[in-house]
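Asker: Kindly generate the corresponding structure for this input.
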Amino acid sequence: MHEKMTFVLTSCGRTFLLDEVLESFFKYNEYKFEKMLLVEDSIDKTVCENILNKWGDKIEIICNSKKKGQIKSIVETYKKIQTPYIFHCEDDWKYLRSNFIKDSLKILNTDKKIIQVWLESKKSASRLDIFSYGEIKSIDGVRYRKVFCKEGWEWGHFSFRPGVKRLIDYELIGGYEEFKNELDISLKYKKLGYYTVIIEDPAILDIGDEHHQSDPTRIWPKRRKTNSLTGLKRLWGHIKKLKF
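Answerer: So this is what the prediction gives:
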């Protein structure tokens with residue numbers, strides 16, 4: 001199975017992470033892409049020159065001249081895509097093994113309503129403490145589980161984590177241009193009946209925990225989960241979580 005696919009990576013000034021990510025990707029990746037694109041949004045000429053010098057012979061580098069933020073950068077980069085599949089990446093996920101793209105395609109082909117296959121470990125994904133996982137399923141030796149989100153929470157159906165995405169799913173919602181954050185994209189797909197699965201054999205590791213980049217264009221909704229506590233009950237909940 002070899003589907004035509006485009007590689008897209010969003011980056012913003014963290015070259016020390018980006019280099020580690022790309023070195024691991026090229027070490028393990030065996031998939032042939034129609035095109036490889038990297039969009040850099042730091043608007044720092046030195047950063048862009050460093051990326052061009054180190055990776056320009058392997059990837060087409062797009063350096064934003066004005067700050068666009070992650071979603072707008074993705075939207076404009078996706079306009080260059082003519083393949084039915086995208087391997088979407090971020091600049092803070094290190095790759096750990098080979099065959100992660102072929103494994104993802106096998107899983108995606110089992111159900112058109114799978115919006116993406118998470119490649120991280122369940123331990124990593126569960127840091128938010130809002131996810132649970134279904135029974136193990138298997139396709140050609142590749143094991144995976146459905147991801148569930150705690151009642152009252154809206155998350156759990158879409159993210160910009162590294163993974164294979166279908167262009168047809170992107171086009172179905174008119175792209176991401178009208179959205180300001182991942183959460184609202186997630187809710188859109190949830191209404192359409194999509195869901196997420198997580199692979200049993202992790203292929204990526206989050207290395208960006210202590211190096212977050214702010215994105216002023218990403219506006220999170222002020223909605224709260226439907227079962228959230230308020231007032232003194234909410235305060236007491238926070239106190240109980242404190243470690244003395």
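Asker: Show the contacting residues for the residue sitting nearest the centre point of the chain.
Answerer: Centroid check for the chain by Cα atoms, centre = their mean gives R161 as the closest residue, at 1.7 Å. Residues near R161 by Cβ atoms under 8 Å, 6 or more residues apart in numbering: 90, 93, 116, 118-120, 204. C-betas here are computed from N, CA, C, even on glycine.
Asker: run the last query once more with 10 Å
Answerer: 88-90, 93, 116-120, 124-125, 182, 196, 198, 204, 206 (Cβ atoms under 10 Å, 6 or more residues apart in numbering).
Asker: before we move on, what about H2?
Answerer: 31-32, 101-102, 105.
Asker: Which two of those have the greatest separation?
Answerer: Maximum pairwise distance in those, criterion Cβ to Cβ, is 13.2 Å, between K32 and L105.
Asker: Give the residues shared as contacts by these two.
Answerer: 2, 5.
Asker: residues of stretch 101-112 that come out buried?
Answerer: 101-108 (16 or more other Cβ atoms under 10 Å).
Asker: mean confidence score for that stretch?
Answerer: Across stretch 101-112, pLDDT averages out at 98.
Asker: so how far is it off the chain centroid?
Answerer: Its chain's C-alpha centre and that of stretch 101-112 lie 16 Å apart, by Cα atoms, centre = their mean, to the nearest Å.
Asker: Now do the helix or strand containing K165: which elements does it pack against?
Answerer: Using DSSP states H and E, K165 maps to strand 163-166. If you count contacts as 3 or more Cβ pairs under 10 Å, 6 or more residues apart in numbering; DSSP states H and E, strand 163-166 packs onto strand 5-11, strand 85-90, helix 100-108, strand 114-118.
Asker: so can I have TSV of these showing distance to D41?
Answerer: Formatted as TSV, those follow (distance: least, Cβ to Cβ, whole Å):
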stretch	distance to D41
strand 5-11	7
strand 85-90	12
helix 100-108	25
strand 114-118	22
